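Trainee: return a 3D structure for these sequence lines:
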Amino acid sequence: MMHDLQLYTFKLCPYAHRVRLALAEKGQMAEQIEIDLKNKPADFTTLSPHGRVPLLVHGGLKLWESAVILEYLDEAFPEHPLMPSQPADRANARLWIDFANSRLFAATHRLIFATDEAIRRELIAEIVENVRFLEHAAVRRREGGPYLLGTQFTLADIALYPWFEQAAALAHFSAFKIPTDCSGVARWCDAVATRPAVQGCARSDDWYVEGYQRYLGA
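Mentor: Predicted coordinates:
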């Protein structure tokens with residue numbers, strides 16, 4: 001079966017998981033092509049400028065960087081919009097997407113590969129503070145709904161949620177724990193997790209732990 005969309009992905013990649021979530025929310029099918037990041041096929045390096053996933057191919061268009069792919073999917077398939085209609089709200093959504101990329105995911109990536117224990121402790125403290133920032137700056141200030149921007153589920157939720165779906169694996173391999181005083185974040189996670197599209201893409205804590213054990217050789 002041929003699909004108009006092709007998604008080059010890696011099962012553990014949270015950025016690729018964002019795209020899978022957006023496709024599911026949009027009701028769009030894509031041919032998913034799994035890439036072994038430790039043994040990339042030669043043709044993939046000609047497709048992806050940086051050799052990373054996710055990579056979306058739509059006809060003759062090639063797109064990389066998950067935040068760009070998310071906005072493209074929302075505009076190319078306008079049913080079930082995942083960005084607010086008002087400019088200020090769209091800007092707010094983009095701020096949280098940037099927060100996910102530059103704060104949570106960036107610190108976590110450094111932690112995964114850090115070997116110095118002092119550096120690891122610093123990064124864990126940074127991640128904890130990032131989660132608390134989300135709790136106080138977004139979750140406790142939202143109005144009228146369970147999602148980051150209120151009643152509408154947006155790309156901001158999609159950008160952040162894969163990190164939290166994998167948080168149990170992070171806790172397994174480090175001293176990180178979700179702060180107990182972040183009950184708002186926990187409620188937000190529960191609200192996102194109950195969405196049918198999210199449930200259709202979800203993996204268990206054990207699945208992530210076992211996957212990272214194999215990938216990292218832990």
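
Trainee: and the contacts of the strand or helix carrying Arg214?
Mentor: Element membership of Arg214 [criterion: DSSP states H and E] is helix 205-216. Helix 205-216 has contacts (CB atoms under 8 Å, 6 or more residues apart in numbering) with 11-12, 38, 112, 165-166, 168-169, 172-173, 218. Any C-beta I mention is one placed from the backbone N, CA and C, and that applies to glycine too.

Trainee: just the buried subset of these, written out for ChimeraX, thanks.
Mentor: One line in ChimeraX is enough to select the buried ones among those; burial here means 16 or more other CB atoms under 10 Å:
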select :11,12,112,165,166,169,172
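
Trainee: pull the most distant pair out of the contacts of helix 205-216.
Mentor: Pairwise distances across the contacts of helix 205-216 (CB to CB) peak at 23.4 Å, for the pair Lys38 and Ala168.

Trainee: most centrally placed residue in the chain?
Mentor: The residue lying closest to the centre of the chain (CA atoms, centre = their mean) is Pro162, at 3.8 Å.

Trainee: spit out the contact partners of the residue nearest to that residue when sequence neighbours are not counted.
Mentor: Nearest residue to Pro162, sequence neighbours excluded (CB to CB, 6 or more residues apart in numbering): Pro14, at 3.7 Å. If a contact means CB under 8 Å, 6+ apart, then Pro14 has 105, 162-163, 165-166 as its contacts.

Trainee: which SS state does His80 fall under?
Mentor: Under DSSP: H, G, I helix; E, B strand; the rest coil, His80 falls in the coil class.

Trainee: report how many residues lie close to it.
Mentor: 12 (other CB atoms under 10 Å).

Trainee: so it sits against Gln28, correct?
Mentor: No: His80 is beyond contact range of Gln28, at 9.7 Å (criterion: CB atoms under 8 Å).
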